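Q: missing the sequence, but the structure's below:
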């Protein structure tokens, strides 16, 4: 009976949100490769100039891929091949970046093969020859204390590479951290044309999941909804970078089965999708109406408005060159002055869900995040504006936490939400305009 009741709402297809068409795998590959060419041609020379790194060497072995290398492979390459060595050299006079692969074949259409195996049977010798010919001031490798994304060269590759370098070149080895972080965090104009579709799709999935099409109060459990989200994401042709979660907050005493959704519950979801190598990360809320209710209790709506206000406070403190820790401290100070019990844990988003760039708090580090929180905000970057505001409401055992997360873009004009943000609670069931 339970399975039948859970499936019955899915027959109400006429009320379903309209989802954007997902490209075929082949067409997705075309777009990914076009985005990559644009990044190599237009982004990479600029960020190499900004960081003062004239040679970047990215090394990875098959099935143990450097996070940066994964973002540089063409769509047809699902992994590195044996040992993959990429070399990016920027000529200071021309500003152009030479892109080479110490490999037997080209890496896609953007990186040319540059290994004469007859002359250099050993791959490291071929790499050293390339370096000697170009004589860079710096040889940047992906090592980093604070950013896992920028720490992708493994111990064996690092040890063997340094052993192959002559002493004079070995002295020029530096961390590629600033360059790797900029490569990962920077969003191009074309990526930002595409990103709204991903966020919109995530919003529509939540809208459908938090509706009577999926939830039957008194029967459906939070875990049922979790797996519905997971399956829906896959059915639409997207992937997810983490397992979704659905949480229940409720007033008064709990039920014998606290996982069953009942009228009066405040529901919270955290989901993210992956598409065209970009990721979303969204948290929103719904309220399950009690018999006779046509709106959420005023106290809950007020608590929700407090969380929206916290979003505004946080984004108002985004300034280029300001560190994540500085943004966090200023935002928490203002929130406290306005009487908001705030917790902020905002992070960059893009090639990874928890992406490279300045951390603006973590849930257990409200005094600042060492290392990643010291990095500064830069234009042309995207963030998950993630936080919560806690409000004490009579009749609720614990303060009600409105936990919001919406994806946003930061540039010279300020912060804008990529596809808007939730401004009021979803109601379940949805009010029907023609029924009173």
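A: Nice, I can see it. In this text, all values refer to a predicted model and were calculated from it rather than measured experimentally. Numbers count the residues shown, from 1 in each chain.
Q: what sits closest to residue 165 if chain neighbours are left out?
A: residue 128 (6.3 Å; CB to CB, 6 or more residues apart in numbering). Placement of C-beta: from N, CA and C, glycine included.
Q: now that neighbour: which helix or strand?
A: Secondary structure from DSSP states H and E places residue 128 in helix 123-134.
Q: give the buried residues for that helix.
A: For helix 123-134, the neighbour count (16 or more other CB atoms under 10 Å) marks 123-124, 126-131, 134 as buried.
Q: and if you look at stretch 166-180?
A: So for stretch 166-180, counting by 16+ other CB under 10 Å, buried means 169, 172-180.
Q: can you add distance to residue 383, pLDDT and secondary structure and give those residues back as CSV?
A: Shown next, in CSV, are the buried residues of stretch 166-180 (distance: CB to CB, whole Å; pLDDT from 0 to 100; DSSP: H, G, I helix; E, B strand; the rest coil):
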residue, distance to residue 383, pLDDT, secondary structure
169, 38, 96, helix
172, 34, 97, coil
173, 32, 97, strand
174, 28, 97, strand
175, 24, 98, strand
176, 23, 97, coil
177, 19, 97, helix
178, 19, 97, helix
179, 20, 98, helix
180, 18, 97, helix
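Q: looking at those, spot the one nearest residue 309.
A: The shortest gap between residue 309 and any of the buried residues of stretch 166-180 belongs to residue 178, at 34.7 Å (CB to CB).
Q: tell me if I'm right that that closest one and residue 51 touch.
A: Yes. The pair residue 178 / residue 51 is scored as a contact, 4.5 Å apart, by CB atoms under 8 Å.
Q: ok, residue 141 touching residue 158?
A: Yes. Counting by CB under 8 Å, residue 141 touches residue 158, with 6.7 Å between them.
Q: neighbour count: these two, which is higher?
A: Applying other CB atoms under 10 Å to residue 141 and residue 158 shows that residue 141 carries more neighbours, namely 25 against 15.
Q: contacting residues around that one?
A: 57, 59, 153, 158, 161, 173-176 (CB atoms under 8 Å, 6 or more residues apart in numbering).
Q: repeat that with 10 Å
A: Contact analysis of residue 141 by CB atoms under 10 Å, 6 or more residues apart in numbering lists 55-59, 66, 150-153, 157-158, 161-162, 173-177, 180.
Q: what comes up buried for the helix or strand where residue 314 lies?
A: Per DSSP H and E: residue 314 is located in helix 298-316. Across helix 298-316, burial judged by 16+ other CB under 10 Å covers 299-300, 303-304, 306-308, 310-311, 313-315.
Q: ok, of the residues you listed, which one's closest to residue 77?
A: residue 315 (37.5 Å).
Q: excluding its backbone neighbours, what's nearest the closest one?
A: residue 415 (4.0 Å).
Q: okay, that neighbour and residue 325: tell me how far apart.
A: Computed as CB to CB, to the nearest Å, the residue 415 to residue 325 distance reads 18 Å.
Q: likewise for residue 265?
A: Residue 265 is 36 Å from residue 325, by CB to CB.
Q: what does residue 22 give?
A: 39 Å.
Q: neighbour-wise, which of these two wins?
A: More crowded of residue 22 and residue 325, by other CB under 10 Å: residue 325, with 23 against 15.
Q: does the more buried one touch residue 367 like I think?
A: Yes. Counting by CB atoms under 10 Å, residue 367 is a contact partner of residue 325 at 8.6 Å.
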